[in-house]
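here is a sequence together with a model predicted from it:
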Amino acid sequence: MPRVEKKIAYILYAGCAITGFIVAIMTSMFTFGTQDFSFMVTNATLAGLIAALTPIAIVDFLNRQWIKSIEDNLANLLRDLAESQRTGMTFERALEETAERDYGSLTPEMKKVASQMSWGVPYERALNSFAERVKTPLTYRVVTLISETARSGGNMQRVMNSIVQHVRDLRNIERERKAQIRPYIFITYITVFVFLFTLIMLFKMFFSTLGEMSTAGSMFLAGAVTSTDYRLVFFHMTIVESFLGGLIAGKMSEGSIKSGVKHSVILLLISLVAFNVFV
């Protein structure tokens, strides 16, 4: 899975943000003065927000899958380097050989390393460039260990095998952490679902009756709060809860608020549909 370059990502961000803004403005113009003007403006604004956040969520998801593929294959790369060292191959030649093997998203990066080395760039600088492109703690750690091992010499196969085990242990710890955190992410979704279900029941069983009473006694209840007002207030509350809940879920699961944007988009979309169909 290829990485989304920053230039392409920024173009997507700008395009979707402009589209969302235009949708919100046009909806406001066409519904101005109508009875449901405030609700329609909220709908349009929410649709524009979802349109603006969706590319951020997609780009972050694709890039994280790219990083995951690289980190999952680092242990295989190190194992093959150790095997090449055992056959008597030089370290530089062993790195070049890895570019011809299948390591998923790691293969194109190793080809870049091999190309730089063919131009006369030292392997340490080429590996550091690879670490700078990926920019994860595990990659920096592995590159540092590989460079130090190659520089110090000695029994490289033994040292490489130790690094392989270290990398696998770190990946297993990360998987266990995500497995333990996953139930808390479900709680965020369940909280929003319960809130929406409660609101739907309230509007079906209570606020609909309030609306009929307001219509029947409109001359006596002039200026009173109507079910439409409650609907708008609860809609705003749901939007805030969905957006912030999604960001919190991302912070817990991936350690980054940006990773929570995808959860926010899903919850906001569910809230939009629920309020326009069931409430």
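Arrived safely.

quick one: low-confidence ranges for the stretch 151-279 of the chain?
Low-confidence regions of the stretch 151-279 of the chain, defined here as pLDDT under 70, cover residues 153-155, 207-225.

strands of that one, residue ranges please.
Assigned strands in the stretch 151-279 of the chain: none (criterion: DSSP state E, counting those that start in this stretch).

which parts of it are helices?
156-202, 208-216, 227-254, 261-277 (DSSP state H, counting those that start in this stretch).

now do the longest one: which elements does it pack against?
Packed against helix 156-202 by the contact rule (3 or more Cβ pairs under 8 Å, 6 or more residues apart in numbering; DSSP states H and E) you find helix 37-86, helix 137-152, helix 227-254, helix 261-277. C-betas here are computed from N, CA, C, even on glycine.

of all the ones you listed, which one is nearest residue 196?
helix 261-277 (4.9 Å; Cβ to Cβ).

give me the distance between that closest one and the centre of its chain.
Chain-centre distance of helix 261-277: 16 Å, with Cα atoms, centre = their mean, to the nearest Å.

check stretch 229-242 too.
For stretch 229-242, the distance to the chain centre is 25 Å (Cα atoms, centre = their mean).

could I have it exported to PDB, CA atoms only?
C-alpha atoms of stretch 229-242 as PDB (Å, rounded to 0.1, in the frame of the first residue of the first chain):
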ATOM      1  CA  ASP A 229     -36.200  23.800  19.500                       C
ATOM      2  CA  TYR A 230     -35.400  20.800  21.600                       C
ATOM      3  CA  ARG A 231     -34.600  18.900  18.400                       C
ATOM      4  CA  LEU A 232     -32.000  21.500  17.400                       C
ATOM      5  CA  VAL A 233     -30.400  21.600  20.900                       C
ATOM      6  CA  PHE A 234     -30.100  17.800  21.100                       C
ATOM      7  CA  PHE A 235     -28.700  17.700  17.500                       C
ATOM      8  CA  HIS A 236     -25.900  20.100  18.600                       C
ATOM      9  CA  MET A 237     -25.200  18.000  21.700                       C
ATOM     10  CA  THR A 238     -25.000  14.900  19.600                       C
ATOM     11  CA  ILE A 239     -22.600  16.600  17.100                       C
ATOM     12  CA  VAL A 240     -20.300  17.600  19.900                       C
ATOM     13  CA  GLU A 241     -20.400  14.200  21.600                       C
ATOM     14  CA  SER A 242     -19.700  12.400  18.300                       C
END
